[in-house]
Every structure is written in C-alpha cells, then in structure tokens.
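1. generate a structure from the sequence data that follows.
(one chain, ligands or ions: 3)
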Amino acid sequence: MFYVGLTALTAFFVGLRIPSVHAHGYVQDVVVDSTHYTGYLPYSDPYYNPVPERIIRAIPGNGPVTDLSLIDVQCNGYTDGGVIGSEPAPIYATVAAGDEMHLNWTTWPDSHIGPMITYMALAPSDITEWLPGTDAVWFKVAEAGKAADGTWASTTGLTATDSIYTFTVPATLKPGQYIVRHEIIALHAAFVYPGAQVYPSCIQIEVTGSGIAFPTSFVSFPGAYTADTPGIVYDAYTNTSAYPIPGPAVWSG
Ligand SMILES: *[C@@H]1O[C@H](CO)[C@@H](O)[C@H](O)[C@H]1NC(C)=O
Ligand SMILES: *[C@@H]1O[C@H](CO)[C@@H](O)[C@H](O)[C@H]1NC(C)=O
Ligand SMILES: [Cu+2]
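-> Ligands and ions are numbered 1, 2, ... in the order given. The predicted model follows:
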C-alpha cells in the first residue's frame, strides 16, 4: 500500500512537471549583412580551450531570470560571489545605422508566450571592458507583444519567421559602440511576481554612419522592471485585454 501510494504520488508529480520541463532558449546566431556571428553557446563554449570569441556576453545556460532586482536581468550573466554579471565579450560586430540585425533563437517552447523587446546602450569606453552596472543607460528600439488576434511575438511570431527575430538599428543613431540588449519575457507563470521569466541576450556592436541622433531618457537594468511595472504581472491565459509591453516607449531616431 505504501508503494502504491508512492508510485501514485511520483506519477502525480511527474505528470505535473511535464508542462514545465522544456528547453527554454537563447540567441544562438546573429546575422548582419549576411555575416554570421555565432552566439555564446553555454553548453559547449566553456569546454573549449581556448574558449571561442563571441559578440554575445556569456550566459550560464538556457534558463530565465525571475528576480528582477538582480544584475542577472541585464545580460543573463549571473551574480556569483564576487562576479558581477554581464561579463564583457572579447569582440563585437560592425553594423551600419539603419541596418537590420537578425537574431536566431534556439527552438522556443510554445508554452512560453510573451513579448520580445530590444534595448541599446552606448558604451562610454571600450565595449569589451564596459559593465553598465545599475546606470540608467538603456533605451528601447523595438518591441512586439500580443497581436490583435491574441497571438504572441515569442511563439506565433517567432515560429512564423523560423526563429529569426529582426529589428533595425535606428538610421539616425550616432556612431559608437553599443550593447544591444534583446529579450523574451515569458508570461506563462506571470500571474504573480516573481513569475515572469526574462531571457536577455547582450550583443556587442559598433554602429557606423553619420547619424547625430541620441535619445534623452534612459532606464537601468536592474531597475526598469519591478513587480509594479505594467506587463510584468499579467494573467496571459485569462486576460483578454491588450498587453502592456514593459518598459519605456520605443525610440526610433
Ligand atoms: C539558426 O541557427 C541554427 C543553429 O546554428 C541553424 O541550424 C539554422 O539554420 C539557423 N537559421 C537560420 C535561418 O539561419
Ligand atoms: C488585464 O491586464 C491589464 C493590463 O495589465 C490590467 O490592467 C487588467 O487589470 C487585467 N485584467 C484582469 C481582469 O486582470
Ligand atoms: Cu522555460
């Protein structure tokens, strides 16, 4: 009887776990003007000697950040003892202002509905050494959330483009070295805080061109998102109203 009970209990938990056991994801490749830059691959890169040089800052794995007060929410670089997260990558891509960047996500689980959002931040010095910390340096350049028909950017939208997310570097943006902070926020457990799952990627680029435009308001990561930010707590299964994408308005130059 004990064993029957234990088996039933195990089956119960296994059954419960199935919907939440999945692959999550990250940006595995970046394409600019048909040049491919392999992303930081958390399950193979650390085991090479030397470690391959990437334009994306290192991440610990394919999992999310849910505590939005941590530096981890910036680039998915984790806080570990003296380590500060967002560790710079050794190289960067060159992108002309006005060009598209194509970000190739690993296969994204259908359950992980939510918005896709992209920020940029201008490095005050060498991007391969810059840690933004908690400074307000980020501005939003693109966002997509819930469409009028109720479908979501991270699932229906991303599937329709074969897992390639595309955004445009603002054409008038002034040249310089920037971090592109791109994220999916998965909302399948976002009916409470903590619950929303943030999957950020920080991509290092040098923007070229003759633009002179630059935004005037900025947010910080951590800081931009809290439990009270519209769109962080949201019952995606029952709420039929419009979804408020977290963070500031898009700046497009
Ligand atoms: C995205 O990256 C994967 C893994 O490298 C690759 O198999 C796939 O072809 C890429 N997709 C595109 C459209 O480049
Ligand atoms: C639906 O979401 C909106 C935006 O977050 C919120 O203002 C509203 O209260 C939610 N509705 C319900 C019934 O929870
Ligand atoms: Cu997940």
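2. CA only for contacts and neighbour counts going forward, please
-> Noted.
3. in the chain, where is pLDDT below threshold?
-> 1-23, 81-84 (pLDDT under 70).
4. and the residue of the stretch 51-200 of the chain nearest ligand 2?
-> Phe191 (8.9 Å; Cα to the nearest ligand atom).
5. for the stretch 151-253 of the chain, same thing?
-> When scored by Cα to the nearest ligand atom, the stretch 151-253 of the chain has Asn239 as its residue closest to ligand 2, at 4.8 Å.
6. burial of Leu131, as a residue count?
-> Neighbour count for Leu131, taken as other Cα atoms under 10 Å: 15.
7. can you check Thr216 too?
-> By other Cα under 10 Å, neighbour count at Thr216 equals 8.
8. could I get the contacting residues of Ile91?
-> Glu53, Arg54, Ile55, Thr128, Gln204 (Cα atoms under 8 Å, 6 or more residues apart in numbering).
9. okay, and the beta partners of Tyr219?
-> Careful, residue 219 is Val and not Tyr. Trp138 (DSSP bridges).
10. contacting residues for it?
-> So Val219 contacts Asp135, Ala136, Val137, Trp138, Phe139, Pro248 (Cα under 8 Å, 6+ apart).
11. correct me if wrong: the last one contacts Lys140.
-> Yes. Judged on Cα atoms under 8 Å, Pro248 makes contact with Lys140 at a distance of 6.7 Å.
12. these two - which one has more neighbours?
-> Lys140 (23 against 15).
13. one step back: is the closest residue to the residue of the stretch 51-200 of the chain closest to ligand 2 other than its chain neighbours in a helix, a strand, or coil?
-> Spatial nearest neighbour of Phe191, chain neighbours left out: Asp235 (4.5 Å); criterion: Cα to Cα, 6 or more residues apart in numbering. Secondary structure, DSSP: H, G, I helix; E, B strand; the rest coil: Asp235 is coil.
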